[in-house]
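S.K.: With the sequence up front, the predicted model follows.
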Amino acid sequence: MKPCIINRSNQRRGDILLVIRSTKNLLRDMKIDKTITTIDIADPFFSWHANLVFVNKRKHIVLINDLSRLSLTLAGIRSTQYKNLENIFKEQLKNYLISENINNSTINEYLNECNEAVYTTTNNRSILGTLNDIVLIMQEVGKELEKRYIGLFDS
């Protein structure tokens, strides 16, 4: 299979792919075939690593940007939402960046640059390590919340 090589310098506006580098567990859960296109080179600003995690019996997708290491969690994802995952991601990212007081025109420029999302396999062990650290923290926080509030809302 020929790898897809993405170089931002030779692309027109809106032609940049949003690359979601997913773990095997996430690809399996999304029912994406392992023969997907390998993307060897991509603009790290538009490349994200993603992992599936279960916290308190709910599915979450944790994403981390390859360049900035900004992490974003899509909480409570259901399998039926996978077909709309790109839009859910973009909406959650936009909401997060707005909450961080990032200029709307900057946010819209980033989101408009990403014409479509491509799902592929992971390629960076350092980013995967950071992603796994975030997942561990989420799981520990989830356990603490469950301990503190178990039975609080049971009536």
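M.R.: Yes, it's here.

S.K.: Name the SS class of the residue nearest the centre of the chain, please.
M.R.: Among the residues of the chain, Leu63 comes closest to the average C-alpha position under C-alpha atoms, centre = their mean, at 3.0 Å. Following DSSP: H, G, I helix; E, B strand; the rest coil, Leu63 is assigned to strand.

S.K.: ok, now how distant is it from Leu111?
M.R.: 14 Å (C-beta to C-beta, to the nearest Å). The C-beta positions use only the backbone N, C-alpha and C, and glycine is treated the same way.

S.K.: again, but for Ser71
M.R.: Taken as C-beta to C-beta, the span from Ser71 to Leu111 is 18 Å.

S.K.: Between those two, point out the one with more neighbours.
M.R.: Ser71 (19 against 15; other C-beta atoms under 10 Å).

S.K.: For the more buried one, which non-adjacent residue is closest in space?
M.R.: Closest residue to Ser71 apart from its sequence neighbours, by C-beta to C-beta, 6 or more residues apart in numbering: Ile64 at 4.7 Å.

S.K.: pretty sure Leu52 is in contact with Asp29, am I right?
M.R.: Yes. Assessed by C-beta atoms under 8 Å, Leu52 is found in contact with Asp29 at 5.5 Å.

S.K.: So for Lys94, what pLDDT did the model give?
M.R.: If you check Lys94, the pLDDT there is 97.

S.K.: In stretch 48-55, which residues are buried?
M.R.: Neighbour-count burial for stretch 48-55 flags Trp48, His49, Ala50, Asn51, Leu52, Val53, Val55 (criterion: 16 or more other C-beta atoms under 10 Å).

S.K.: Likewise for stretch 53-69?
M.R.: Val53, Val55, Lys59, His60, Ile61, Val62, Leu63, Ile64, Asn65, Asp66.

S.K.: helices and strands around the longest helix along the chain, which ones?
M.R.: Counting by DSSP state H, the longest helix found in the chain is helix 125-149. Packing contacts for helix 125-149, counted by 3 or more C-beta pairs under 8 Å, 6 or more residues apart in numbering; DSSP states H and E, involve strand 47-55, strand 58-65, strand 71-75.
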